[in-house]
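K.L.:
predicted coordinates and the sequence they were generated for:
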Amino acid sequence: MLKKIILQKGKEKSLQRFHPWVFSGAVLKKEAGIADGDMVEVVDYNHHYLATGHYFNSSICVRVFSFEQVLPDADFWKQKILKAIAYRRDISLLHNEKTTMFRLINGEGDELPGLIADWFDGHVVIQFHSYGMYLLKETMVSILLELFPGEIKSIYNKSEATLPELKSFSPKDELLFGAFDEVLVKENGIPFYIDMIKGQKTGFFIDQRENRDLVRQFAKGKRVLNLFCYTGGFSSYAVEGGASLVHSVDISKKAIEFTDQNIAMCAPKPDVHQSFADNVFDFMEEMKPDFYDVIILDPPAFAKHHKVKEQGIKGYRTINRRALEKIKSGGFLFTFSCSQAISQEEFQTIIFSAAAIEHKKVKIVKHLQHAMDHPISVFHPEGSYLKGLLLYVE
């Protein structure tokens with residue numbers, strides 16, 4: 001029997017609507033002996049069952065993985081992962097020769113809160129975002145190896161930066177299975193080197209795949225500027241799309257080295273590309289006006305939490321003002337925010353104010369979001385972290 005978390009009267013409604021988080025403010029009491037990472041049952045004020053999840057003493061104190069009363073065993077987790085795999089098969093990503101990297105498991109979107117797994121041509125990078133899911137590490141590795149017999153080359157745990165802090169717990173990134181050296185993958189037929197150990201996130205921003213392909217469609221004959229380029233994903237697509245010139249800017253010299261490596265594999269003309277290891281804000285101040293036909297703004301999260309939200313809004317407004325000020329008349333701006341603290345509506349308001357200040361007429365061509373292998377539960381809108389706009393600047 002699992003120990004119980006009892007909610008205050010009236011606080012059960014979000015779980016009845018299948019929202020997968022229980023906030024600490026909703027809790028009346030917890031049974032004795034519950035420790036961080038434990039599986040618990042959540043019940044209402046009258047002790048009626050609501051959900052089962054992992055407990056952790058924080059603002060989100062239970063991450064729900066089942067709304068049916070279960071005692072999870074290895075087969076329970078196997079069935080969930082099988083569903084995640086089946087979905088990737090249904091959207092034609094499994095065993096796709098042109099695209100050999102994709103998100104295999106997407107946390108709450110796959111009813112596996114706290115677990116992320118990305119596939120890089122048989123190399124799997126796992127990130128645990130909850131201590132409870134981390135305690136299932138060996139189970140998850142065993143299931144993946146069982147479900148992909150002979151296909152998995154390595155499994156790497158990259159959770160040091162994503163797990164919550166505990167005094168008695170010091171997680172380290174580690175190889176859990178197999179071996180890897182240089183990892184080369186393809187996305188829509190375009191090759192990329194992946195740094196699974198030192199790269200950001202799991203090594204590549206897989207969530208932008210469909211937006212990168214959109215840049216390829218707009219790039220032919222255009223001068224393209226990719227700001228916060230990281231390892232040059234958008235830049236490679238622009239080169240492949242026939243851009244007349246592509247400039248990539250990132251403050252990280254290591255990221256620029258990867259960008260140059262990736263561009264060198266491009267066709268037909270990698271010589272149209274030039275990279276700059278520079279502060280993006282400084283670069284934007286100095287860049288020529290009316291020069292770039294397409295600008296991509298994909299910055300890191302300026303507002304990772306609500307405490308720095310106002311500061312983040314100012315950052316997004318500043319870079320979008322500069323882009324709108326400098327972009328060529330009739331140009332296209334791809335602009336993004338991955339800050340969960342800023343909603344789609346707030347991001348659009350930021351763009352509106354930036355355009356108004358710069359006296360620019362701007363049309364919204366398309367709303368942009370993460371790729372299809374990052375499904376979001378309809379009951380968990382917070383999972384929709386990436387928001388973007390494709391703008392036409394008159």
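P.N.:
Sure thing, it's come through.
K.L.:
so which residue of the protein lies furthest out from the middle?
P.N.:
residue 46 (38.7 Å; C-alpha atoms, centre = their mean).
K.L.:
kindly provide the distance from it to residue 28.
P.N.:
Per C-beta to C-beta, to the nearest Å, residue 46 is found 11 Å from residue 28. In short, each C-beta sits where N, CA and C put it, glycine included.
K.L.:
also residue 229?
P.N.:
Relative to residue 28, residue 229 is positioned 50 Å away (C-beta to C-beta).
K.L.:
if you count neighbours, what's buried in the helix or strand that contains residue 50?
P.N.:
Taking DSSP states H and E as the definition, one finds residue 50 inside strand 49-55. For strand 49-55, the neighbour count (16 or more other C-beta atoms under 10 Å) marks 50-55 as buried.
K.L.:
ditto for stretch 93-110
P.N.:
For stretch 93-110, by 16+ other C-beta under 10 Å, it's 93-94, 96, 99-110.
K.L.:
widest-spaced pair of these?
P.N.:
Spanning the widest gap among the buried residues of stretch 93-110 are 100 and 108, at 25.6 Å by C-beta to C-beta.
K.L.:
for residue 247, name its beta-bridge partners.
P.N.:
Note on residue 247: beta-bridge partners residue 225, residue 274, judged by DSSP bridges.
K.L.:
contacting residues around it?
P.N.:
By C-beta atoms under 8 Å, 6 or more residues apart in numbering, the contact list for residue 247 reads 223-226, 273-276, 292.
K.L.:
number of residues surrounding residue 43?
P.N.:
18 (other C-beta atoms under 10 Å).
K.L.:
so in that sheet, which strands flank the helix or strand where residue 41 lies, and in what orientation?
P.N.:
According to DSSP H and E, residue 41 maps onto strand 39-43. Sheet pairing of strand 39-43 (DSSP bridges) gives strand 3-7 (parallel), strand 49-55 (antiparallel).
K.L.:
show the pLDDT at residue 1.
P.N.:
Per-residue pLDDT puts residue 1 at 89.
K.L.:
for it, list the residues it contacts.
P.N.:
Contacts of residue 1 by C-beta under 8 Å, 6+ apart are residue 71.
K.L.:
quick one: it from residue 212, how far?
P.N.:
From residue 1 to residue 212 the distance is 49 Å (C-beta to C-beta).
K.L.:
got it, and residue 4?
P.N.:
47 Å.
K.L.:
the strand holding residue 41 - what's its average pLDDT?
P.N.:
On average, strand 39-43 scores 98.
K.L.:
show residues contacting that strand.
P.N.:
Contacts for strand 39-43 (C-beta under 8 Å, 6+ apart): 2-7, 15, 22, 30, 34, 49-55, 62, 64, 69, 72, 132.
K.L.:
and the strand or helix carrying residue 140, which residues are buried?
P.N.:
Per DSSP H and E, residue 140 falls inside helix 137-147. Using 16+ other C-beta under 10 Å as the test for burial, helix 137-147 gives 137, 139-141, 143-145.
K.L.:
could you point out which element follows that helix?
P.N.:
strand 154-157.
K.L.:
doesn't residue 195 make contact with residue 203?
P.N.:
Yes - applying C-beta atoms under 8 Å as the test, residue 203 and residue 195 come out as touching, 5.6 Å apart.
K.L.:
quick one: which of those two has more around it?
P.N.:
Shown here are residue 203 and residue 195; by other C-beta under 10 Å, residue 203 has more neighbours (24 against 16).
K.L.:
ok, that one - contacts?
P.N.:
Residue 203 sits next to 118, 120, 125, 158, 183, 194-197 when contact means C-beta under 8 Å, 6+ apart.
K.L.:
including secondary structure and pLDDT, could those residues go into JSON lines?
P.N.:
Formatted as JSON lines, the contacts of residue 203 follow (DSSP: H, G, I helix; E, B strand; the rest coil; pLDDT from 0 to 100):
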{"residue": "118", "secondary structure": "strand", "pLDDT": "98"}
{"residue": "120", "secondary structure": "strand", "pLDDT": "98"}
{"residue": "125", "secondary structure": "strand", "pLDDT": "98"}
{"residue": "158", "secondary structure": "coil", "pLDDT": "97"}
{"residue": "183", "secondary structure": "strand", "pLDDT": "95"}
{"residue": "194", "secondary structure": "strand", "pLDDT": "94"}
{"residue": "195", "secondary structure": "coil", "pLDDT": "93"}
{"residue": "196", "secondary structure": "coil", "pLDDT": "92"}
{"residue": "197", "secondary structure": "coil", "pLDDT": "92"}
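K.L.:
please consider this matter closed, and thank you.
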